[in-house]
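1. Okay, sequence plus prediction incoming.
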Protein chains: 2
Amino acid sequence: MSSSAPPATGPVSDVPTPVTATARRAKEAAAELAPLPRTARDAALLAVADALVARTGEIVAANGEDVARARAAGIPDSLVDRLTLTAERLAAIAADVRKVVGLPDPVGEVVRGSTLPNGLELRQVRVPLGVIGIIYEARPNVTVDAAALCLKSGNAVLLRGSSSAYASNTALVGVLRDAIAGAGLPADAVQLVPGESRDSVRELMRARGLVDVLIPRGGASLIRTVVEESTVPVIETGVGNCHVYVDEGADLGMAVDILVNSKAQRPSVCNSAETVLVHAGVADAFLPRALAALREAGVTVHGDEAWQRAGAGAEDSAGVEPATEEDWGTEYLSYDIAAAVVPSLDAAVAHIRQWSSGHTEAIVTRDAAAARRFTALVDSTAVIVNASTRFTDGGEFGFGAEIGISTQKLHARGPMGLPELTSTKYVVTGDGHTRS
Amino acid sequence: MSSSAPPATGPVSDVPTPVTATARRAKEAAAELAPLPRTARDAALLAVADALVARTGEIVAANGEDVARARAAGIPDSLVDRLTLTAERLAAIAADVRKVVGLPDPVGEVVRGSTLPNGLELRQVRVPLGVIGIIYEARPNVTVDAAALCLKSGNAVLLRGSSSAYASNTALVGVLRDAIAGAGLPADAVQLVPGESRDSVRELMRARGLVDVLIPRGGASLIRTVVEESTVPVIETGVGNCHVYVDEGADLGMAVDILVNSKAQRPSVCNSAETVLVHAGVADAFLPRALAALREAGVTVHGDEAWQRAGAGAEDSAGVEPATEEDWGTEYLSYDIAAAVVPSLDAAVAHIRQWSSGHTEAIVTRDAAAARRFTALVDSTAVIVNASTRFTDGGEFGFGAEIGISTQKLHARGPMGLPELTSTKYVVTGDGHTRS
């Protein structure tokens, strides 16, 4: 009945590699960070904001290498734009860091507490998670955002960005490390994961005991890989196959506005709608109006037979693409939407249950009972009544910052702010208490 | 930039097996359970309690098969005792189920809420996790306890007990299913995972998208396997390499009592102490007293050189076993303790950081600054000042029930009660809100 070291929480492999050596330094930095007061963390973040502005030239120059490489490789302009840093953009990133400084400190918050019948004093206190690994794609602003949120919440961070932004990230992390070290924090609280190959991601995913959580931010295939291969606990983020359901009791004008906003206000993000479901009782009235509005917004509809009929009957001849089963499961992230007519609210719920990624679903209805039933039966991160799916967002929810939107059920669900980057511990105080 | 089904949250394998078919039924049952009100869940649990008593004969008979098999296999008496069910024990298990009925309902609790500046009403509401898988060892009472806590919190449960308790668990789950079905709940909310082989555990660990969380309850090797191989999110429980640190400022009499209680009050459980660390400044005074008290409690000390010297100088000749490095990492779960003298509080913290499993560490001190420093620097589930490590327990903490003690940092940390068996979702209500 006895067990020997290493415990289940210990590192899976003891063979040191550049990645595990980095993670080990992060763990040591996290132990130094954890007991520091808010003032120390805030001062370091203000130093970061100042340094990003002061060292703009050097960062922009490094970014220029990445941009030139991307252009030479024929990367589309929209992606090159995402990769590009300018003095103006760096100033905005620095301003965001200053905003993070002003947010409430989650560390040390007493989540619950009581004096037990035997007089023991029990407090459950928020503490940093420790070491947070972020695996992300091309945008170098994520490097600073993620580091700022992790530092504010007392965590060390391991950053694994895209190889296409390697020069930019190296420059940014250099600036961050110098700034926080100058303010008295351990420089190793912010580190780039060494190596540009997939192997370094794999090692990071196996560094259980050194890394406390991994947050993948990016496309579905990246997230899937991390979820399947990581022994480090993962917070799954951001895949959004979101639905708008137009109920029999909907205000149809409102439904058109919400549908168009949910789909087309910014199609490339995870909280945009990918499927619209319409109650059969309002299909004849709603479909032509919806088609006209979606067409005006530049959206292609991939519809079931009812939508195809409505498209064929429309005054112009743009029509509706026939939907295949694949459309119900697709996160387009583009000006496309899947569309079906359903016989009832419960059929809409069943469709959502089968196909949704569990991010955000909206109902449009004036019927209180329908709204209540929809919110009770739909088990997604956010269930929205009479508003756009686009509101599922840390900024819109008033959290002041967001490191991602969790679509899993453990630990954090929905937009993750600073409290979601913490754990808790129990502090118990007695005066010689023993158990009998 | 588009991605197709299945989403990252979907099942890893679509090849149906008996285990995935079971999990799929559990998922459907969970969807039925989630919107049911407390009254329905409570009525089902009361029916369970009644049925356990009414069908005692049948359960005890099935248990007799397991017991006979265990005896024939030469299993030690203490383990056979843990496996054994009697009418009296079943009555106690039924009484525990009735206690669970009386606990506050976590489902539907509004965790936070606000009206946003634009008038959107935001509520974060507790919801069941969905399907909870429990992998556990020989005690058949866990079958009923775990099912009761899962049902109370609105979850479906998949039970994977030890093959040595298969007949008992089959009988118990039959009784549970009949009782909840009779009360109007889906019978598939409680299921045994089919198959007695390791393969069925492996399939359960890969059923991501069908199972929302796995909780392994048992020894370190079981937990380690689940943590390493599961793609379903895991809550790590119960490995406890707990420390008692006797500070320079300790009341030595109190320290002896706390040490003996922490080690010997019930050595087989995860919150018993496995190592004692003593500040060098009180070693001469404390070690002889501690050795005498530990010896009287039947505890063997595995000590460093200072403890060995103290043992050699003791009046009787029982002595101290020399500690090897392995002792620092060992969870004995027996009347054994590792023992070292450290030069400072910070050295004790460093030892704990290196060797602890992160469960519970206690400091004994009269020095407020030392207590504050120890609680700030030690990052374990519970940090205890001047009391026994044995208090880290859901019952002692006043939670009324406990499904295990999480030693990980995500989602739940420490004793897990009913709230830890829930997730949350955001419900957002507007009147036509769109984003601009």
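-> Arrived safely, thanks for sending. Numbering: from 1, shown residues only, chains lettered A, B, ... in the order given.
2. quick check, A:Ser423 in a helix?
-> No: counting by DSSP: H, G, I helix; E, B strand; the rest coil, A:Ser423 is not found in a helix; it is strand.
3. Show the end-to-end separation of stretch A:122-137, please.
-> 43 Å (CA to CA, to the nearest Å).
4. Domain parsing of chain A, as residue ranges.
-> With domains defined by automatic domain parsing, chain A comprises A:18-235+A:416-429, A:242-396.
5. These into TSV, with extra columns for distance to B:Ser153 and mean pLDDT?
-> To be clear about C-beta, it is placed using only N, CA and C from the backbone, and glycine gets the same treatment. Formatted as TSV, those follow (distance: least, CB to CB, whole Å; pLDDT from 0 to 100):
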stretch	distance to B:Ser153	mean pLDDT
domain A:18-235+A:416-429	18	94
domain A:242-396	14	95
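6. Can you check which of those domains gets nearest to chain B?
-> Proximity to chain B (CB to the nearest CB) singles out domain A:242-396 among the domains of chain A, at 2.3 Å.
7. Spell out which residues of the stretch 51-200 of chain A are next to chain B.
-> If contacts are counted using CB under 8 Å from any CB of the partner chain, the residues of the stretch 51-200 of chain A sitting beside chain B are A:Ser114, A:Leu116, A:Pro117, A:Leu120, A:Leu122, A:Gln124, A:Val127, A:Leu129, A:Gly130.
8. in the host helix or strand of A:Lys27, what's buried?
-> If you go by DSSP states H and E, A:Lys27 is part of helix A:18-33. Neighbour-count burial for helix A:18-33, counted by 16 or more other CB atoms under 10 Å in any protein chain shown, picks out A:19-20, A:22-31, A:33.
9. what does that helix rub up against?
-> Here helix A:18-33 makes contact (CB atoms under 8 Å, 6 or more residues apart in numbering or on different chains) with A:11, A:13, A:16, A:41, A:128, A:130-131, A:133, A:151, A:154-158, A:185-189, A:191, A:193-195, A:200, A:203-204, A:207, A:210-211, B:353, B:377, B:379.
10. Tell me how far the residue most central in space within chain A lies from A:Ile215.
-> Central residue of chain A (CA atoms, centre = their mean): A:Gly404, 1.7 Å from the mean position. A:Gly404 sits 6 Å away from A:Ile215, going by CB to CB, to the nearest Å.
11. One more: A:Arg372?
-> Separation of A:Arg372 from A:Ile215 (CB to CB): 34 Å.
12. who's more crowded, those two?
-> Higher neighbour count among A:Arg372 and A:Ile215: A:Ile215, with 26 against 13, using other CB atoms under 10 Å in any protein chain shown.
13. hang on, the more buried one in a strand?
-> Yes: with three-state DSSP as the criterion, A:Ile215 is part of a strand.
14. now it: how far from A:Leu103?
-> Separation of A:Ile215 from A:Leu103 (CB to CB) stands at 18 Å.
15. which residues touch A:Phe397?
-> Under the criterion of CB under 8 Å, 6+ apart, the contact list for A:Phe397 reads A:Phe391, A:Gly414, A:Pro415, B:Leu116, B:Leu122, B:Tyr426.
16. what's near enough to touch the fourth one?
-> Neighbouring residues of B:Leu116 by CB under 8 Å, 6+ apart: A:Glu396, A:Phe397, A:Gly398, B:Leu122.
17. what does the stretch 251-400 of chain A put close to chain B?
-> Residues of the stretch 251-400 of chain A lying near chain B (CB under 8 Å from any CB): A:251, A:254, A:257-258, A:261, A:265, A:268, A:326, A:328-334, A:353, A:355, A:357-358, A:371, A:375-377, A:379-388, A:390-392, A:396-398.
18. can we see that at 6 Å?
-> Residues of the stretch 251-400 of chain A lying near chain B by CB under 6 Å from any CB of the partner chain: A:254, A:257, A:261, A:265, A:326, A:329-333, A:357-358, A:375-377, A:382-388, A:390, A:398.
19. Just the buried ones among those residues, please.
-> By neighbour count, with 16+ other CB under 10 Å, these hold A:254, A:257, A:261, A:265, A:329-333, A:357-358, A:375-377, A:382-388, A:390 as buried.
20. Which of those residues fall within helices?
-> The members of those that map onto helices under DSSP state H are A:Met254, A:Asp257, A:Asn261, A:Thr375, A:Ala376, A:Leu377.
21. From chain B, how far off is the closest residue to A:Lys99 other than its chain neighbours?
-> Once flanking residues are discounted, A:Lys99 sits nearest to A:Gly400: 6.8 Å by CB to CB, 6 or more residues apart in numbering or on different chains. Applying CB to the nearest CB, to the nearest Å, the value for A:Gly400 to chain B is 13 Å.
22. Can you give me the neighbour number for A:Gly400?
-> 15.
23. Could you do A:Ala73 as well?
-> Neighbour count of A:Ala73, defined by other CB under 10 Å: 9.
24. Now tabulate the contacts of B:Leu116 in TSV and tack on distance to B:Ala92 and secondary structure.
-> Supplementary listing: the contacts of B:Leu116 in TSV, determined by distance: CB to CB, whole Å; DSSP: H, G, I helix; E, B strand; the rest coil:
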residue	distance to B:Ala92	secondary structure
A:Glu396	51	coil
A:Phe397	46	coil
A:Gly398	49	coil
B:Leu122	44	strand
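25. So which of those is the closest to A:Ala338?
-> Relative to A:Ala338, the closest of the contacts of B:Leu116 is A:Glu396; by CB to CB it sits at 24.7 Å.
26. Check the gap between that closest one and A:Ala95 for me.
-> Distance, A:Glu396 to A:Ala95, using CB to CB: 19 Å.
27. Which one's more surrounded, those two?
-> Shown here are A:Glu396 and A:Ala95; by other CB under 10 Å, A:Glu396 has more neighbours (21 against 12).
28. For that one, give me phi and psi.
-> Note on A:Glu396: backbone dihedrals following degrees, to the nearest 10 are phi -60, psi -30.
29. Could you do the one 4 residues further on as well?
-> A:Gly400 has phi and psi values of phi 80, psi -20 when expressed as degrees, to the nearest 10.
30. repeat for A:Val342
-> The phi/psi pair for A:Val342 (degrees, to the nearest 10) is phi -120, psi 150.
31. wait, doesn't it sit right on A:Val276?
-> No: when contacts are counted by CB atoms under 6 Å, A:Val342 is not listed as touching A:Val276 (10.4 Å).
32. Output stretch A:26-40 as CSV, nothing but the C-alphas.
-> In CSV, the C-alpha atoms belonging to stretch A:26-40 read as follows (Å, rounded to 0.1, in the frame of the first residue of the first chain):
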residue,chain,number,x,y,z
ALA,A,26,9.6,28.9,-15.1
LYS,A,27,8.6,26.8,-12.1
GLU,A,28,11.3,28.4,-10.0
ALA,A,29,10.2,31.9,-11.2
ALA,A,30,6.6,31.1,-10.4
ALA,A,31,7.6,30.2,-6.8
GLU,A,32,9.3,33.5,-6.5
LEU,A,33,6.4,35.4,-8.0
ALA,A,34,3.6,33.8,-6.0
PRO,A,35,4.2,35.6,-2.6
LEU,A,36,4.9,39.0,-4.2
PRO,A,37,2.4,41.7,-3.4
ARG,A,38,0.3,43.4,-6.1
THR,A,39,2.4,46.5,-6.0
ALA,A,40,5.4,44.6,-7.3
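33. Just the buried ones from the residues of the stretch 51-200 of chain A next to chain B?
-> Buried members of those, scored by 16+ other CB under 10 Å, are A:Leu120, A:Leu122, A:Gln124, A:Val127, A:Leu129, A:Gly130.
34. Please name the residues that touch the closest residue to the last one other than its chain neighbours.
-> Nearest in space to A:Gly130, with sequence neighbours left out and distances taken as CB to CB, 6+ apart, is A:Asp212 at 4.1 Å. Listed by CB atoms under 6 Å, 6 or more residues apart in numbering or on different chains, the contact partners of A:Asp212 are A:Leu129, A:Gly130, A:Val131, B:Lys409.
35. More neighbours: which of A:Val342 and A:Val276?
-> Taking neighbours as other CB under 10 Å, A:Val342 and A:Val276 compare with A:Val276 leading, 29 against 21.
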